[in-house]
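Peer 1: Give me a model of this one.
(2 chains)
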Amino acid sequence: MEIIEEGIGELIQKPDVEGFRKFVKEKKKRGFIDKVMDEKEAVSQFVKDGDYIGVELYGTVRAPLSIVREIARQGKKHLKLAGQGLLEIDYLLALDLVDAMDVTYIGYEVLGLSNIFRRAAEKGKVKIVEWSNAAMSWRFKAAALGVPFIPIRSMLGSDTFRYSSAKVIRCPFTGIKLCLLPALILDVGIIHVHKADKYGNAVIEGISGFAFEMARASKRLIISTEEIVSTDEIRRYPERTIIPYFLVDAVVYAPFGSHPGEMVYLYERDENHLKMFLEMTKTEEGTREYMEKYVLSVKNHLEYLEKIGIENLMKLKYEKMGR
Amino acid sequence: MNYSKTELMICVAARMMEDYSTCFIGTGIPMLAASLAQKLYAPNLIPIFEFGGIGAILEKLPRAVGEGRTFFRALAASGICDIMETAQRGFIDYGFLGGAQIDPYGNLNTTVIGEHKRPKVRLPGSGGGNDVGSLCWKTIIIMKHEKKRFVEKVDFITTPGYINGPGEREKRGLPEGTGPYRVVTDLAVLDFEENTKRMRVISLHPGVTLEEVKENTGFELLVKEPLEITKEPTEEELKILREEVDPQRYYI
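Peer 2: Modelled structure (predicted):
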């Protein structure tokens, strides 16, 4: 196959599909094992220094922030990240725990840019490789397919391509130019869901973002959930299971796990907290203060929720979107 | 009639949204335009959001492209791969995008100001922008008209417009017959002249002179004669925009 053009970005994670298959054969358990554990245990068992991590969905929406705060507390170092995110990226960047990122979008949309990401990028502290949002999701899709690459029709003719590690080839069937994306196989995927049973069968309500693909692109997979349900309930509506148990290594019970982000049909996003976060993170000193107060000095998720306060949490529940 | 430039820009973009068309809505101003359009002229507009929302009723303004409001009472709540594949197959008529910088060929930058390695300003990155601009049939760009934003050469082509002229998109492998269609700013409406694919003023907003548009543009603009004058926002548009679309005044 003729390679016409190549991006200059580093291929941070090699699409080792044979290694992935071997890992799945040897390490992924098929038995019904109770995988319920707390954040501390899940992170210490399944996240290692130097790991390539992906988080779904993103900072203000269905984000597994109780797990990410624990990664920050345990100070896992030299991480590599799939950069579609907000707070989950910022928490780790703020503590200098990240070496390299495949970035598609890091920003707070209506509330503005990420101060922490800006500082990290502008000071050249982190290696950054660019992608589009579809490209990142399709890279997970390729990994989910179990193949090393996938051809697509966006990214072409742009600097987003030039600063990626994609390649342009000529299609052997039609002769048109296509962009080839390398599969992205994660060392660890982290996904927050509405419901899961103790084995890890998981249900998401509303849009599913890239949870389907990312769950299938992860060697180790940590699920945090708003609710633990019985396997009987899972079996009654099997079409709702987006992640079957054998993909999952840990199930963490984390009500309000997406705070200050939203969890559709359960609670609204905490607009005041997000604004405070963005205000405080304008300076390095403010960032340290925020991280100390809401992440580092907090023992666990329960203590974090206590800090946010029951009144505030109930208000977010009250404001939730109906169907 | 008393209105701000941003309000006019939103009204103009909203009027471009056709009933029964599929519109890929990017974050920010496009969300307000889609909401206004749905409430006023295009009740059957199908807003499509990258993380899975198809056909939501935009009762409340979405603050993020994945939040609940992007699939409130929607026709489908799917995922990003499905949405992007739908665009790649040619199902999405319009893409609505914003940007930090734009050049005469409609190339957009939302990645960096300055060098990529040590940027002066690091912006969020492509997000779905590159895919929207690559795969939707017609891309409509909505942004503030300022000299530092309308530049001869963008620092980084996050999302390709016509790249450097006619035929270039197809040459690079992008789907045929796609590309930027209109640019809606707070001063004017612009299109891309067919033979050169360069930006061209087609309509001036009320009270705005061609000189003013030129002064706020960092490159040479083509001008379509005779120039039209953009219709002012109506009382009804402004009322709905202020009271229903953005009552929290995030943008207006």
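Peer 1: Can you list the residue ranges for helices in the stretch 151-252 of chain B?
Peer 2: For the stretch 151-252 of chain B, applying DSSP state H, counting those that start in this stretch gives helices covering B:168-171, B:210-215, B:235-240.
Peer 1: Which helix or which strand is home to A:Ala142?
Peer 2: If you go by DSSP states H and E, A:Ala142 is part of helix A:133-145.
Peer 1: Run the chain-centre distance for that helix.
Peer 2: Distance of helix A:133-145 from the chain centroid (CA atoms, centre = their mean, to the nearest Å) equals 13 Å.
Peer 1: Tell me which other helices or strands that helix touches.
Peer 2: Secondary-structure packing of helix A:133-145 (3 or more CB pairs under 8 Å, 6 or more residues apart in numbering or on different chains; DSSP states H and E): strand A:79-84, strand A:98-105, strand A:149-152, strand A:177-182, helix A:211-216, helix B:80-88, helix B:129-135. Where C-beta positions appear, they are placed from N, C-alpha and C, glycine not excepted.
Peer 1: Just put those in JSON lines and tack on mean pLDDT and mean neighbour count.
Peer 2: Shown next, in JSON lines, are those (pLDDT from 0 to 100; neighbours: other CB atoms under 10 Å in any protein chain shown):
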{"stretch": "strand A:79-84", "mean pLDDT": "94", "mean neighbour count": "26"}
{"stretch": "strand A:98-105", "mean pLDDT": "98", "mean neighbour count": "24"}
{"stretch": "strand A:149-152", "mean pLDDT": "98", "mean neighbour count": "20"}
{"stretch": "strand A:177-182", "mean pLDDT": "98", "mean neighbour count": "23"}
{"stretch": "helix A:211-216", "mean pLDDT": "98", "mean neighbour count": "25"}
{"stretch": "helix B:80-88", "mean pLDDT": "98", "mean neighbour count": "23"}
{"stretch": "helix B:129-135", "mean pLDDT": "98", "mean neighbour count": "31"}
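Peer 1: a markdown table for those, including distance to B:Lys117?
Peer 2: Formatted as a markdown table, the helices and strands packed on helix A:133-145 follow (distance: least, CB to CB, whole Å):
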| stretch | distance to B:Lys117 |
| --- | --- |
| strand A:79-84 | 16 |
| strand A:98-105 | 13 |
| strand A:149-152 | 26 |
| strand A:177-182 | 22 |
| helix A:211-216 | 29 |
| helix B:80-88 | 29 |
| helix B:129-135 | 20 |
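Peer 1: what's near enough to touch residue 1?
Peer 2: Let's take chain A. A:169-170, A:172 (CB atoms under 8 Å, 6 or more residues apart in numbering or on different chains).
Peer 1: please go with chain B instead
Peer 2: By CB under 8 Å, 6+ apart, the contact list for B:Met1 reads B:232-233, B:235, B:238.
Peer 1: Between those residues, which sits nearest chain A?
Peer 2: Closest approach to chain A among the contacts of B:Met1 (CB to the nearest CB): B:Leu238, at 20.8 Å.
Peer 1: How about that closest one, nearest residue that isn't a chain neighbour?
Peer 2: Using CB to CB, 6 or more residues apart in numbering or on different chains and skipping the chain neighbours, the partner closest in space to B:Leu238 is B:Tyr3 (5.7 Å).
Peer 1: Quick one: closest of the helices and strands packed on helix A:133-145 to A:Met321.
Peer 2: With CB to CB as the criterion, A:Met321 lies closest to helix A:211-216 of the helices and strands packed on helix A:133-145, at 19.2 Å.
Peer 1: What separation do you get for the spatially most central residue of chain A and A:Ala82?
Peer 2: The centroid of chain A falls nearest to A:Val55 when counting by CA atoms, centre = their mean (0.6 Å). Distance, A:Val55 to A:Ala82, by CB to CB, to the nearest Å: 7 Å.
Peer 1: Kindly report the same for A:Val103.
Peer 2: The gap separating A:Val103 from A:Ala82 is 9 Å, by CB to CB.
Peer 1: Then B:Glu152?
Peer 2: 34 Å.
Peer 1: Can you name the residues of the stretch 101-250 of chain B that neighbour chain A?
Peer 2: Listed as neighbours of chain A in the stretch 101-250 of chain B under the rule CB under 8 Å from any CB of the partner chain: B:111-112, B:116-131, B:134-135, B:156-160, B:163, B:168-169, B:172-175, B:250.
Peer 1: Could you identify the buried members of the residues you listed?
Peer 2: Using 16 or more other CB atoms under 10 Å in any protein chain shown as the burial test, these include B:111-112, B:116, B:119, B:122-131, B:134-135, B:156-160, B:163, B:168-169, B:172-175 as buried.
Peer 1: Among these, which lie within strands?
Peer 2: Judged by DSSP state E, those include B:112, B:122 as members of strands.
Peer 1: what sits against B:Ala74?
Peer 2: B:53-57.
Peer 1: excluding its backbone neighbours, what's nearest it?
Peer 2: B:Ala56 (4.2 Å).
Peer 1: go on, B:Ser4?
Peer 2: Excluding its sequence neighbours, the residue lying closest to B:Ser4 (CB to CB, 6+ apart) is B:Ile252, at 6.6 Å.
Peer 1: cool, and A:Gly146?
Peer 2: Distances taken as CB to CB, 6+ apart place A:Val17 nearest to A:Gly146, at 5.8 Å, with adjacent residues excluded.
Peer 1: so that neighbour sits right up against A:Ile150, yeah?
Peer 2: No. Using CB atoms under 8 Å, A:Val17 is not in contact with A:Ile150; the gap is 11.9 Å.
Peer 1: show me where the chain has strands.
Peer 2: Answering for chain A, as no chain was given. Ranges of strands in chain A, per DSSP E, are A:3-6, A:52-56, A:79-84, A:98-105, A:127-130, A:149-152, A:167-170, A:177-182, A:186-196, A:202-203, A:218-228, A:241-243, A:250-253.
Peer 1: think we crossed wires, I meant chain B
Peer 2: Secondary structure of chain B (DSSP E): strands at B:22-25, B:46-48, B:53-54, B:76-77, B:94-97, B:101-102, B:108-109, B:112-113, B:121-122, B:138-142, B:180-184, B:188-192, B:199-204, B:222-229.
Peer 1: May I see those organised as CSV, with mean pLDDT added?
Peer 2: Listed next are the strands of chain B as CSV, based on pLDDT from 0 to 100:
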stretch, mean pLDDT
strand B:22-25, 98
strand B:46-48, 98
strand B:53-54, 98
strand B:76-77, 98
strand B:94-97, 96
strand B:101-102, 98
strand B:108-109, 98
strand B:112-113, 98
strand B:121-122, 98
strand B:138-142, 98
strand B:180-184, 98
strand B:188-192, 98
strand B:199-204, 98
strand B:222-229, 97
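Peer 1: For A:Arg118, find the nearest of these.
Peer 2: That would be strand B:121-122 among the strands of chain B, by CB to CB, at 4.8 Å.
Peer 1: How far away from the center of its chain is that closest one?
Peer 2: Taking CA atoms, centre = their mean, the mean C-alpha location of strand B:121-122 is offset from the chain mean by 21 Å.
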